[in-house]
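*Asks:* what follows is a protein structure lacking sequence information:
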């Protein structure tokens, strides 16, 4: 979390977009019948998205 808090707002928004795209890619893979190497990966990405959003809210940013 400290690493995220040290990022600039633009970096956080960029990271958020990357994480959301990765989550979408993984969910598409699973729904098309593919298997993930690490089944906990989706959960970890969701948590990272929540951390970035929390940090943005702490700054007072509204998306």
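*Replies:* Happy to help now that I have it. This one's a predicted model, so the numbers in the text were calculated from it and none came from an experiment.
*Asks:* what residues of the lengthiest helix in the chain count as buried?
*Replies:* Looking across the chain with DSSP state H, the single longest helix is helix 9-31. Buried positions in helix 9-31, judged by neighbour count with 16 or more other Cβ atoms under 10 Å: 12, 15, 16, 19, 23, 26. All C-beta spots, glycine's among them, are computed from the backbone N, C-alpha and C.
*Asks:* which residues sit in contact with the first one?
*Replies:* Taking Cβ atoms under 8 Å, 6 or more residues apart in numbering as the criterion, residue 12 is in contact with 4, 52, 55, 56.
*Asks:* check which helix or strand covers the last one.
*Replies:* Secondary structure from DSSP states H and E places residue 56 in helix 41-59.
*Asks:* now for that helix, which elements pack on it?
*Replies:* helix 2-5, helix 9-31 (3 or more Cβ pairs under 8 Å, 6 or more residues apart in numbering; DSSP states H and E).
*Asks:* about what we covered before: what angle separates the longest helix of the chain from helix 41-59?
*Replies:* 160 degrees (axes from the mean of the first three to the mean of the last three Cα atoms, to 10 degrees).
*Asks:* helix 9-31: how far from the chain's middle?
*Replies:* 5 Å (Cα atoms, centre = their mean, to the nearest Å).
*Asks:* what pLDDT, on average, does it get?
*Replies:* The pLDDT scores in helix 9-31 average 95.
*Asks:* next one: stretch 52-61
*Replies:* 91.
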